[in-house]
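Asker: Using only what follows, build the 3D model:
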Amino acid sequence: MSWQQICEVLDSVRVSPDGRSAGFAAWQLEAREPRDLEKQLGKALYECLHLRRREPTDVRARMVRDPEFEHRLASRIPHRHLPERTSVVRRDTSAGMTLVRLMDVRVWVPDQLVTDRSPDATATVLLPSSFPALSPGFLMTQGTKRLPPGNPATLRRLYVSLRAAADAPAVWATVLGALEEADLPYRAKAASVAWFYPRTDAVTVYVDARHLEQATAALLPRLRRQGGLEPATSWLCQRLDPGVAAASEPDDPRPGRRGLSFGEHRCSLFAHALVDARMRGTAWRELLPAVLEAANVDPDAPWRNLTGRTQPPEASPPPHEPAGPVTVRS
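Answerer: Sure, this is the predicted structure:
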């Protein structure tokens, strides 16, 4: 993390007295009211400070799919399926399909993906190991050892920076192979649109804080021998090695902050301090420490949270079950 570079960028942001426009570097922003400007400014700071971009990205980019590149990434996942134990609703032997319940949703699954059927109406479903566009612009997978659900305060992110899309499949395979060999629970995602590159978050790994040291010990030696890494890392993160950085998962349940990614969360706080400071006629440096502390962020090291909460956040309600079952294809 580099506070100097962060402060230089924040010092360069010019917010209008009415809080409806702002600019810095190549970014020029206009909004109808200060809160809208705050959102726009947060996104611009995310591109500059986290992704290390020098100019704005087309907002439509995150909606684009690149099926050929997604396939290349998916083919490098070391496991094809993820076994999931679940309940069986019924079986249609004539169609060769079984209706099961996954995440409180009834899903039709081909019989060949249903194994270990038990008399108690449970079975193991072999889910696909790749989840394209589950996170827009990324292909996601889970390890054969799953991360347990729980408090986001226990999660850590590891970021791998890449120069070019051509290097991503090999680096992705190296990262996943190292984590599987280390027998660690994890989730991971890779930027799945070729023209998204270069990116400081080309590959993102999620591990439990207890396993962070093991994960870095497994990954760093291999990544040092791997070609294609971009040495630059996010200015918001803890730099571990050229091209590799770490950060805590945001742990801020307040409305408008919950569910943001690490970079989005931190940059939304910077934007809030900048706009509020302009509206109050004070300096952003005077407001930022309190803004960070209120969001459970360490003001001296924004890559980490201040504390881990003793109780997990209130669980989200289960997804609404559709009127009819959906179908999983093999």
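Asker: Next, the distance between the ends of stretch 234-242.
Answerer: Using CA to CA, to the nearest Å, the span of stretch 234-242 from its first residue to its last is 11 Å.
Asker: List of residues touching that stretch?
Answerer: 1-2, 5-6, 49-52, 157-159, 200-201, 216, 220, 223-224, 229, 231, 233, 245-247, 262-263, 266-267, 301-304 (CB atoms under 8 Å, 6 or more residues apart in numbering). C-beta coordinates here come from the backbone N, C-alpha and C atoms, glycine included.
Asker: again with stretch 224-231
Answerer: Residues outside stretch 224-231 that contact it (CB under 8 Å, 6+ apart) are 160-164, 166-168, 170-171, 174, 198, 200, 202, 223, 241-244.
Asker: The same query, at a cut-off of 7 Å, please.
Answerer: Residues from elsewhere that reach stretch 224-231, judged by CB atoms under 7 Å, 6 or more residues apart in numbering: 160-164, 167, 171, 174, 198, 223, 241-243.
Asker: Could you do stretch 156-165 as well?
Answerer: 69, 168, 171, 175, 194, 197-207, 209, 212, 215, 219, 223, 228-230, 232-234, 237, 243-249, 262.
Asker: Filter the contacts of stretch 224-231 down to the buried ones and express that as a PyMOL selection.
Answerer: Listed next is the PyMOL selection for buried residues among these, using 16 or more other CB atoms under 10 Å:
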select buried, resi 160+161+162+163+167+171+174+198+223+241+243
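Asker: among the contacts of stretch 224-231, which two are most distant?
Answerer: A164 and D241 (19.1 Å; CB to CB).
Asker: related to what we said a few turns ago, now, the contacts of stretch 156-165 that are in helices?
Answerer: The helices, defined by DSSP state H, take in F69, A168, V171, V175, L212, A215, L219, L223, F262 from the contacts of stretch 156-165.
Asker: Do you know the pLDDT at the first one?
Answerer: Looking at F69, its pLDDT stands at 97.
Asker: Would you mind measuring from it to Q142?
Answerer: Distance of F69 to Q142, computed by CB to CB, to the nearest Å: 20 Å.
Asker: any weak-confidence spans in the protein?
Answerer: For the chain, applying pLDDT under 70 flags the ranges 1, 59-63, 103, 150, 308-330.
Asker: Can you report how many residues lie near the nearest residue to R72 once chain neighbours are set aside?
Answerer: Nearest residue to R72, sequence neighbours excluded (CB to CB, 6 or more residues apart in numbering): P169, at 5.0 Å. The tally of other residues near P169 (other CB atoms under 10 Å) stands at 18.
Asker: Is it correct that P169 is in contact with A74?
Answerer: No - counting by CB atoms under 7 Å, P169 does not reach A74; the two are 9.6 Å apart.
Asker: quick one: contacts for the closest residue to R117 other than its chain neighbours?
Answerer: Of all residues not flanking R117 in the chain, A123 sits nearest, at 4.5 Å (CB to CB, 6+ apart). When contacts are counted by CB under 7 Å, 6+ apart, A123 touches T86, V88, V100, V114, T115, D116, R117.
Asker: Please apply the same query to T307.
Answerer: Taking CB under 7 Å, 6+ apart, we find T307 in contact with N296.
Asker: Heading C-terminal from the host helix or strand of E180, find the next helix or strand.
Answerer: E180 belongs to helix 168-181 when assigned by DSSP states H and E. Per DSSP H and E, the first helix or strand lying C-terminal to helix 168-181 is strand 187-191.
Asker: Sheet-wise, list the partners of that next one with their directions.
Answerer: Partners of strand 187-191 in the sheet, by DSSP bridges, are strand 138-142 (antiparallel), strand 199-208 (antiparallel).
Asker: got the angle for that strand vs helix 168-181?
Answerer: For strand 187-191 against helix 168-181, the angle by axes from the mean of the first three to the mean of the last three CA atoms, to 10 degrees is 170 degrees.
Asker: returning to what we had before: out of the contacts of stretch 234-242, list just those in strands.
Answerer: R157, L158, Y159, T200, D201, A245, A246, A247 (DSSP state E).
Asker: Kindly write the ChimeraX command that selects the buried subset of those residues.
Answerer: Under the burial definition 16+ other CB under 10 Å, those of the ones in strands among the contacts of stretch 234-242 that qualify are selected in ChimeraX by:
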select :157,158,159,200,201,245,246,247
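Asker: For the ones in strands among the contacts of stretch 234-242, could you give me JSON lines that also reports distance to P132?
Answerer: Shown next, in JSON lines, are the ones in strands among the contacts of stretch 234-242 (distance: CB to CB, whole Å):
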{"residue": "R157", "distance to P132": "20"}
{"residue": "L158", "distance to P132": "21"}
{"residue": "Y159", "distance to P132": "20"}
{"residue": "T200", "distance to P132": "21"}
{"residue": "D201", "distance to P132": "17"}
{"residue": "A245", "distance to P132": "25"}
{"residue": "A246", "distance to P132": "26"}
{"residue": "A247", "distance to P132": "24"}
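Asker: ok, so of the ones in strands among the contacts of stretch 234-242, who is nearest A295?
Answerer: A247 (13.8 Å).
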